[in-house]
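# Below are the sequence and a predicted model for it; my questions follow.
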Amino acid sequence: MVVPAVILFFALHTFPLLQGVFYSFTNYAGYGEWSFVGFNNYLALFRDDRVLDAYLFTFQFAIVATILTNAIALAVAVGLNARIKFRSTLRGVFFLPNVLPMLVVGYVFSYLFASVLPVLGQSLGIEALSTNILGSESLAWVGIVVVAVWQAAAFNIILYLAGLQTIPTEVYEAASIDGAGPWRRFWTMTFPLIAPFFTINMVLALKNFLMVFDHIVALTNGGPGNATTSISLLIYRGGFQGGEFAYQTANAVVYLIVIVVLSMVQLRFLQRREVAA
């Protein structure tokens, strides 16, 4: 029963991966003839300003979005876990962004940033909202962060809620008897007890944001200029549209290694914090 799944996995995942690694050592343009160039593609990556700028933007975006997503998701999850009215309905509402197609969400927010918010900002006299931030090289990434966090927080909220529901109510009752306030209960009891869920959310969020693609295509398409060009978008454009198939494949291999190493380091660090907590 396992053999068909293994064959499909190898044919659709492992073999293309190995094939890509093979082509990264060539000058293959995606068509025509090719020849081996050794590590030239990998060495050229470190001298390519496009690649360095894309890495800088991607890491800046991923770090900020990961922190904001988990902070907001944890705060909302704590609120939804309390005894409030319409709790089940609100949980469904907050999860809704996770099931919406990213391209549709991106186009809706693009319209809001381009038309609705500037008009609102002008009427209220708020200069920061009076122009389309997606058209600014220095602020376009902020708009992408807003959309990414709004959608990604929905999934993290569900995971945090699952973690909060594993905490026995007797623990909170005992803390209340001892005179612990809400803030003290959160930092000394709630947060340490949901540490494994925090670890999973942080690792998954950073990994997903490092591979950001749909958000950028829908909102800015990498612009203005190349201000919001991520690694994934650069690989797609150069590899499938710019005749740099082998070169961008080498870029993809390096990026795969970077993501794996970062995920392992992050996971190891956060798991140690769980033990300390």
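Everything's here; your move.

# buried sites along stretch 228-238?
Buried residues in stretch 228-238, counted by 16 or more other Cβ atoms under 10 Å: Thr228, Thr229, Ser230, Ile231, Ser232, Leu233, Leu234, Ile235, Tyr236, Arg237, Gly238. Every C-beta, even on glycine, is put in place using the N, C-alpha and C of the backbone.

# Which of the residues you listed fall within helices?
Residues of those located in helices (DSSP state H): Ile231, Ser232, Leu233, Leu234, Ile235, Tyr236.

# Out of those residues, flag the one nearest to Phe10.
Ile235 (23.1 Å; Cβ to Cβ).

# mind checking how far that closest one is from Val149?
For Ile235, the distance to Val149 equals 24 Å [Cβ to Cβ, to the nearest Å].

# likewise Arg272?
Counting by Cβ to Cβ - Arg272 and Val149 are separated by 27 Å.

# Can you show me the strands along this structure?
Assigned strands in the chain: none (criterion: DSSP state E).

# Lowest mean pLDDT among the helices and strands of it, which one is it?
Across the helices and strands of the chain, mean pLDDT, DSSP states H and E gives its lowest value to helix 169-177, namely a mean of 79.

# between the ones in helices among the buried residues of stretch 228-238, which is closest to Gly135?
Nearest member of those to Gly135, counting by Cβ to Cβ, is Leu233, at 17.9 Å.

# and the closest one, what does it touch?
Each residue near Leu233 by Cβ atoms under 8 Å, 6 or more residues apart in numbering is listed here: Ala54, Phe213, Ile216, Val217, Gly222.

# Disregarding flanking residues, what is the spatial nearest neighbour of the most centrally placed residue in the chain?
Note on the chain: the residue nearest the mean C-alpha position is Phe209, at 1.9 Å, using Cα atoms, centre = their mean. Leaving aside its chain neighbours, Phe209 sits nearest to Ala62 (3.8 Å; criterion: Cβ to Cβ, 6 or more residues apart in numbering).

# contacting residues around that neighbour?
Leu206, Phe209, Leu210, Val212.

# My guess is the first one contacts Ile67. True?
Going back to what we said before, that points to Leu206. No - under the criterion of Cβ atoms under 8 Å, Leu206 makes no contact with Ile67, lying 9.5 Å away.

# what are the ranges of the helices in the stretch 1-150 of the chain?
2-9, 15-23, 40-45, 49-81, 87-99, 102-111, 117-124, 140-164 (DSSP state H, counting those that start in this stretch).

# ranking those by mean pLDDT, which is last?
Lowest mean pLDDT within the helices of the stretch 1-150 of the chain: helix 87-99, a mean of 84.

# tilt between it and helix 102-111?
90 degrees (axes from the mean of the first three to the mean of the last three Cα atoms, to 10 degrees).

# Tell me which residues of helix 87-99 come out buried.
Arg91, Phe94, Pro97.

# and what of stretch 244-255?
Glu244, Phe245, Ala246, Tyr247, Gln248, Thr249, Ala250, Asn251, Ala252, Val253, Val254, Tyr255.

# Low-confidence ranges, the stretch 151-277 of the chain, go.
Along the stretch 151-277 of the chain, segments meeting pLDDT under 70 span 275-277.

# can you do 90?
165-190, 192-193, 223, 225, 240-243, 269-277 (pLDDT under 90).

# what about the helices in it?
Using DSSP H, counting those that start in this stretch, helices in the stretch 151-277 of the chain cover 169-177, 182-185, 191-193, 195-210, 214-219, 231-236, 245-276.

# elements contacting the fourth one?
In terms of contacts (3 or more Cβ pairs under 8 Å, 6 or more residues apart in numbering; DSSP states H and E), helix 195-210 is packed against helix 49-81, helix 140-164, helix 245-276.

# Nearest to Val119, out of those helices?
The closest of these to Val119 is helix 140-164. By Cβ to Cβ, the value is 16.2 Å.

# Between helix 49-81 and the closest one, find me the angle.
Using the same axes, to 10 degrees: helix 140-164 against helix 49-81 is 40 degrees.
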